[in-house]
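Enquirer: build me a model from this:
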Amino acid sequence: MNIKELNRKAESRLRQICGKPSPTKRLVMVLVVCVVFAAANIYFVVSSIYAIGKSNAKKEFLQIEHIESIKAPTNNKDSINFLNQIINEYK
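Expert: Model (predicted):
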């Protein structure tokens, strides 16, 4: 068997499985997918709420710090060089 024959067999098998389903089969498939996604959603919500209450979860939060001010030079020549350095960093 070569790759083309395997591709044809796989494609025909997929067409048999995934052919146009009857309205009843379509409804069952949609309901099954909805139930699976709803169960996953409930699991993630409950596990997130549980993690908030754990004492270990408090250590995982980000630490928020104040923004530090830029130490800008005081005279004109230094301020022009300072601005040029900042501009060159973002190029």
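Enquirer: and the next helix or strand past the top helix by length along the chain?
Expert: Assignment by DSSP state H gives helix 23-53 as the longest helix of the chain. On the C-terminal side of helix 23-53, the closest following helix or strand by DSSP states H and E is helix 76-89.
Enquirer: for that next one, packing partners?
Expert: Applying 3 or more C-beta pairs under 8 Å, 6 or more residues apart in numbering; DSSP states H and E, one finds that helix 76-89 makes contact with no other helix or strand. To be clear about C-beta, it is placed using only N, CA and C from the backbone, and glycine gets the same treatment.
Enquirer: so for that helix, mean pLDDT?
Expert: Mean per-residue pLDDT for helix 76-89: 75.
Enquirer: pull it out as CSV, backbone CA atoms only.
Expert: In CSV, the C-alpha atoms belonging to helix 76-89 read as follows (Å, rounded to 0.1, in the frame of the first residue of the first chain):
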residue,chain,number,x,y,z
ASN,A,76,20.1,71.0,28.8
LYS,A,77,23.1,69.2,27.3
ASP,A,78,22.6,66.1,29.5
SER,A,79,18.8,66.2,28.9
ILE,A,80,19.3,66.1,25.1
ASN,A,81,21.7,63.1,25.4
PHE,A,82,19.2,61.5,27.8
LEU,A,83,16.3,61.8,25.3
ASN,A,84,18.5,60.6,22.5
GLN,A,85,19.4,57.5,24.5
ILE,A,86,15.7,56.8,25.2
ILE,A,87,14.8,57.2,21.6
ASN,A,88,17.6,54.9,20.4
GLU,A,89,16.4,52.2,22.9
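Enquirer: measure how far it is from the centre of its chain, please.
Expert: 39 Å (C-alpha atoms, centre = their mean, to the nearest Å).
Enquirer: what's the weakest-modelled helix or strand in the protein?
Expert: In the chain, no helix or strand scores lower on mean pLDDT, DSSP states H and E than helix 76-89, which sits at a mean of 75.
Enquirer: next, the buried residues of it.
Expert: By neighbour count with 16 or more other C-beta atoms under 10 Å, helix 76-89 contains no buried residues.
Enquirer: going forward, the N-terminal residue is numbered 5.
Expert: That works, and once the first residue is 5, the last one we named lands at helix 80-93.
Enquirer: fine, thanks again, bye for now.
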